[in-house]
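> Below: sequence and its predicted model.
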Amino acid sequence: MVAAHSAGVDRNTDRVAVVAASMTQFGERDGWIRDLLAEAGQACLADANATADEIDHLYVSNMASGEFEGQTGVPNALAHDLGAVPAYTARIDQTSSSGGAGIYAAWQSVASGASDCTLLVGGEKMTHRSTAEATDVIASLTHPAEYKHGVTLPSFAGLTARAYLDSYDAPRESLGKVAVKNHKNGVDNPNAQFREAVELETVLESPVVADPLRLYDFCPITDGSAALLFVPESLAASYADEYAVVAGVAGATDTHVVHERPDPTTMGAVRDSGNAAFEMADREPADVDVAELHDMFTILELLQFEDLGFAQKGEGWRAAADGRTARDGDIPINTSGGLKSKGHPLGASGVAQAVEVYEQVLGEAGPRQVDADLGLACNVGGFGNCVTTTLLEVAE
Amino acid sequence: MTDDSPEFAAAEYADGTVGYPPHPVNDDGAERVGTVDLSEHTAQVVTWTESTATPPGVREPNTLAIVAFEIDGDTVRAIGQTTDDVEIGQTVTPVYAAELRDPEAGVREPASQEWDGFRFRPVE
């Protein structure tokens, strides 16, 4: 294992490179969690012409395979299925931000010198459960004082959306335009769960789920997996002709109890993780060419857009309404289709966000391609409870 | 309320702040030193939603509100079901309910937490 490559590693100057990326088809899949993880993991290794015996560390981002499927111990299972034994393995669970937390862990493993080749695979199998059951598994992250009232993540979104629209005099249509934009982007993503454009009228007339939000304000329940391969930059050329580097990565938490935050329309962990990631990269929001934001609900895209510094507080809704965040806008958001259209297999989503950013900065995004050298992925767990922000930059 | 009435327990911390639900310490690290019963106070609705896609064991629809109590100059927020339709800014009063959802129907271990609590009823 530890690579024949490692002789050339320079611990003093090396940045952490991402040399391969993959994602499975998202949607309703026949395979179970082990199948999905292996599919993405094998594809990622193939993308780098790497073999499993080169893997020093193997991380699996996953929220709830035990609760959904009765399958625990998935990192060990994946290591065996990929032929990566005896690589060090760990499961990264940070609810919906497990993928972003996995990126942080993978970056740490290489940056620290503990690993010269880290494979990160995120995945979740959900669609065999009913919407009510899946909603309850996800809601189990809430505090007992919330859970006993039947509080769910969609209900947090409804509560927050009403506060936002009321506080900033934003029109209800501005949320609907986020859904329209992201569904339009998803048409060009062959791995997206939904590849159909929707009209604003359809969004605004869809069934109410958590007033004032309606069905098209919410992401679907999804099966899927995604993967990234991390190595020291000094080894990157042996895996790929072109690669990206982790320019910045940082995580933060907010209160467990959502109503205890000073302002329901501010996501403190998004602000804190974003600031730290920008500081690490010595960059600022104006430098970002493309971003994947965690649009589990349409309102979340607006809040992250503001709290990452792309707009003033209370002004984020104008960006989607004015087309600034469209693919041909000055700051394209969720070119992949976002969680909204691409789907949201919990543990996979943060990894898949970075897969899209990786493809964008390398010029490999096909019909979704925008002009991008620096991209950002913001992965949110709970209702802003845990957040990881990652900045990927094409290596020159 | 009588002496044996259920308590809507918020925590009083050593620095004089009050918070709900109680934690061992508050955000500034001050230790919990006592309890304030929110059931004796009214609150204002900060925001609300009516959820129509509810998990197993939860009433449908389920109207929820975040409310703010003013306790000795401190704002203490809480979340809970409402008894009726509410509006932002409306005054509500806590009303005890012995069981807010069916403890046996969801994924959480029934014995791991309490299932009674307070809904919010609009004040005329």
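Cool, the structure landed. Numbers count the residues shown, from 1 in each chain, chains lettered A, B, ... in the order given.

> what residue ranges in the chain score low on pLDDT?
Unless you meant another one, I'm taking chain A. A:1-12 (pLDDT under 70).

> hmm, I had chain B in mind actually
Across chain B (using pLDDT under 70), the flagged ranges come out as B:1-4.

> That one against chain A: which residues are in contact?
Applying CB under 8 Å from any CB of the partner chain, we find that chain B lies next to chain A at B:19-21, B:27, B:46-59, B:62, B:64-66, B:77-81, B:88, B:100-101, B:106-108, B:112-117. For every residue, glycine as well, the C-beta is placed using N, CA and C.

> For those, which ChimeraX command selects only the ones that are buried?
Per 16 or more other CB atoms under 10 Å in any protein chain shown, the buried members of these correspond to this ChimeraX selection:
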select /B:19,20,21,46,47,48,49,50,51,52,53,54,55,56,57,58,62,64,65,66,77,78,79,80,81,100,101,106,107,108,115,117
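
> Now the nearest residue to residue B:37 once chain neighbours are set aside. Its backbone dihedrals?
Spatial nearest neighbour of residue B:37, excluding adjacent residues (CB to CB, 6 or more residues apart in numbering or on different chains): residue B:7 at 4.9 Å. With angles defined as degrees, to the nearest 10, residue B:7 sits at phi -100, psi 140.

> now residue B:7: how far from residue B:18?
14 Å (CB to CB, to the nearest Å).

> what does residue A:125 give?
Applying CB to CB, the value for residue A:125 to residue B:18 is 43 Å.

> Among the two, which residue is more densely surrounded?
Here residue A:125 and residue B:18 are compared on neighbour count by other CB atoms under 10 Å in any protein chain shown; more neighbours surround residue A:125, at 28 against 21.

> distance of the nearest residue to that one once chain neighbours are set aside from residue A:141?
Distances taken as CB to CB, 6+ apart place residue A:33 nearest to residue A:125, at 4.5 Å, with adjacent residues excluded. Between residue A:33 and residue A:141 the computed distance is 19 Å (CB to CB).

> Show me which of the two is the more surrounded one.
Taking other CB under 10 Å, residue A:33 and residue A:141 do not tie; residue A:33 has more neighbours (28 against 20).

> wait, isn't that one in contact with residue A:127?
No: if you go by CB atoms under 8 Å, residue A:33 and residue A:127 don't touch, sitting 11.9 Å apart.

> For the closest residue to residue A:38 other than its chain neighbours, give me phi and psi.
In this structure, residue A:38 finds its nearest non-sequential neighbour in residue A:81, 4.6 Å apart by CB to CB, 6+ apart. Backbone torsions of residue A:81, given as degrees, to the nearest 10, read phi -70, psi -30.

> cool, residue A:244 as well?
phi -110, psi 160.

> Over to residue A:16?
According to degrees, to the nearest 10, residue A:16 has phi -100, psi 120.

> Check the burial of it by counting its neighbours.
23.

> Name all residues that make contact with it.
A:107, A:110-111, A:230-233, A:245-246 (CB atoms under 8 Å, 6 or more residues apart in numbering or on different chains).

> now, among those, which is nearest to chain B?
Of all the contacts of residue A:16, chain B sits closest to residue A:107, with 28.9 Å by CB to the nearest CB.

> thought the closest one was touching residue A:246?
Yes: between residue A:107 and residue A:246 there is a contact under CB under 8 Å: 5.1 Å.

> Common neighbours of the two, please.
The contact lists of residue A:107 and residue A:246 share A:16, A:230, where a contact means CB under 8 Å, 6+ apart.

> With neighbour numbers in mind, choose between these two.
For the pair residue A:107 and residue A:246, the greater number of neighbours falls to residue A:246 (26 against 22), based on other CB under 10 Å.

> Find the helix or strand that the more buried one is a member of.
Using DSSP states H and E, residue A:246 falls within strand A:244-253.

> Check residue A:157 too.
helix A:153-168.

> Residue B:51 contacts residue B:61, doesn't it?
Yes: when contacts are counted by CB under 8 Å, residue B:51 is listed as touching residue B:61 (6.2 Å).

> and residue 85, how many neighbours does it have?
Assuming you mean chain A. Neighbourhood size, residue A:85 [other CB under 10 Å]: 15.

> hm, I was asking about chain B
10.

> For it, give me its contacts.
Contacts of residue B:85 (CB under 8 Å, 6+ apart): B:63, B:122.

> and the gap between it and chain A?
Separation of residue B:85 from chain A (CB to the nearest CB, to the nearest Å) stands at 10 Å.

> That residue looks like it's in a strand, true?
No: using DSSP: H, G, I helix; E, B strand; the rest coil, the assignment for residue B:85 is coil, not a strand.

> OK, contacts around residue 102?
All of this refers to chain A. With CB under 8 Å, 6+ apart, residue A:102 has these contacts: A:59-61, A:92, A:120, A:122, A:347, A:350-351.

> I was after chain B.
Residues near residue B:102 by CB under 8 Å, 6+ apart: B:56-58.

> so can I have JSON lines of these showing secondary structure?
Formatted as JSON lines, the contacts of residue B:102 follow (three-state DSSP):
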{"residue": "B:56", "secondary structure": "coil"}
{"residue": "B:57", "secondary structure": "coil"}
{"residue": "B:58", "secondary structure": "coil"}
